[in-house]
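Visitor: need a structure here:
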Amino acid sequence: MHDGGLKKIYTAGPEQSSFGPAFLFLNRPQRRALCAFYAYARSVDDIADDPALDKESKLAGLASWKMEIESLFSGREADKIQGLKEAISIFPLKKEYFLLVLEGVSQDLDKTAYATVSELEDYMYKVASAVGLACLAIFGYKDESAGEYARNLGCAVQLTNIIRDAREDALIGRFYLPASDLQRFGCRPEDLLDFNYSPNFLELMDFEAGRAGAYYARARALINPAGKKKLFSALVMAAIYETLLEKIKTSGFRIKRGKIRLNKFEKIKALYAAWRNHAQI
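Guide: Prediction:
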């Protein structure tokens, strides 16, 4: 991605995304750091997803980012996103978080289907849980369960996105839902492409939604009440995506005719749910 594109993403930041409400509860250094990490994650993801680039160009773009991250953590000058240097100087952001995201989006160039949930969880850990680990570092949450919390919440959020975007991804040849699950419910990959909502398809999607719900529940159970104040932004993120999952379910999994999104009122309700959950921890 050219520098102008990076600047646009960095300026817009996560407050323009589904993370927007969570962004409101961070201090200025935290907002700047999250903006920088978000810009990085968006940039590498955009390279991997750009239909105008051939595979060789995508690999070159991602390799350039890997060199940038290596430079950033070795003390050499790095210039793609200036805010990253400031972020790693203030917060305990590990190089591992950046490289895991890079590895995950690179995986999309070659791997277009997942045989088992174990394979899918490995992918979700890279592209989503690693982002969660970076967020917790920025939020200052250091509990011994932080790693497992990030793993479960990352999988919950990513699987919610996978459910919502199942047809959209299938149209470009990506089938994230485990093949073993499709087989279990008598579905084929092609069933994600048509506009038929068969009982088998609906049972499959309900099963996947239940799995996502279990990830959210496990993440909640891992929260240490002593550190809950630092986790409020994470609780907001979780509430937004859990509300989105509920909307997908109540729609009857009508995901094939357009992307299901939360409106402003629904986001406010999610914010209230996060506040209520925070008070009950």
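Visitor: Just give the number of residues close to the residue lying closest to residue 266 once chain neighbours are set aside.
Guide: Nearest in space to residue 266, with sequence neighbours left out and distances taken as CB to CB, 6 or more residues apart in numbering, is residue 243 at 6.0 Å. Every C-beta, even on glycine, is put in place using the N, C-alpha and C of the backbone. Residues lying near residue 243 (other CB atoms under 10 Å) number 19.
Visitor: Tell me which other helices or strands the helix or strand harbouring residue 243 touches.
Guide: Element membership for residue 243 (DSSP states H and E) is helix 232-250. When contacts are defined as 3 or more CB pairs under 8 Å, 6 or more residues apart in numbering; DSSP states H and E, helix 232-250 sits against helix 20-23, helix 130-139, helix 146-164, helix 199-221, helix 264-280.
Visitor: which one of these lies closest to residue 248?
Guide: Residue 248 sits nearest to helix 146-164 of all those, at 5.8 Å, using CB to CB.
Visitor: For the protein, which residues score under the pLDDT cut-off?
Guide: Low-confidence segments of the chain (pLDDT under 70): 1-19, 77-79.
Visitor: Tell me how far the residue nearest the centre of it lies from residue 141.
Guide: Nearest to the mean C-alpha position of the chain, by CA atoms, centre = their mean, lies residue 128 at 4.0 Å. The gap separating residue 128 from residue 141 is 17 Å, by CB to CB, to the nearest Å.
Visitor: Now do the contacts for the closest residue to residue 99 other than its chain neighbours.
Guide: Of all residues not flanking residue 99 in the chain, residue 69 sits nearest, at 6.5 Å (CB to CB, 6+ apart). Residue 69 makes contact with 78, 95, 98-99, 102, according to CB atoms under 8 Å, 6 or more residues apart in numbering.
Visitor: Among the residues you listed, name the ones in helices.
Guide: Applying DSSP state H to these, the entries found in helices are 95, 98-99, 102.
Visitor: Count the residues that sit near residue 201.
Guide: Residue 201 is flanked by 22 other residues according to other CB under 10 Å.
Visitor: Make 453 the starting number, not 1.
Guide: Noted, 453 is the first residue going forward, which turns the last one into residue 653.
Visitor: before we move on, the earlier item: what angle do the helix holding residue 695 and helix 651-673 make?
Guide: Per axes from the mean of the first three to the mean of the last three CA atoms, to 10 degrees, the angle that helix 684-702 makes with helix 651-673 is 160 degrees.
Visitor: buried ones in helix 684-702?
Guide: 684-698, 700-701 (16 or more other CB atoms under 10 Å).
Visitor: Stretch 591-611 now?
Guide: Residues 591, 593, 595, 598, 601-611 are the ones in stretch 591-611 that count as buried (16+ other CB under 10 Å).
Visitor: Residue 561: which of those is nearest?
Guide: Of all those, residue 610 has the smallest distance to residue 561: 17.9 Å, by CB to CB.
Visitor: Would you mind giving the secondary structure of the residue nearest to that closest one when sequence neighbours are not counted?
Guide: Excluding the flanking residues, the one nearest residue 610 by CB to CB, 6+ apart is residue 580, at 3.8 Å. Following DSSP: H, G, I helix; E, B strand; the rest coil, the label given to residue 580 is helix.
Visitor: From residue 612, how far out is residue 580?
Guide: According to CB to CB, residue 580 and residue 612 sit 10 Å apart.
Visitor: Common neighbours of these two, please.
Guide: Counting by CB under 8 Å, 6+ apart, residue 580 and residue 612 have no common neighbour.
Visitor: ok, residue 600 to residue 528 distance?
Guide: Separation of residue 600 from residue 528 (CB to CB): 34 Å.
Visitor: same thing with residue 710?
Guide: 46 Å.
Visitor: next one: residue 677
Guide: Distance from residue 677 to residue 528, by CB to CB: 42 Å.
Visitor: and if you look at residue 731?
Guide: 46 Å.
Visitor: Walk me through the domains of this protein.
Guide: What automatic domain parsing lists as the domains of the chain is 453-545, 563-733.
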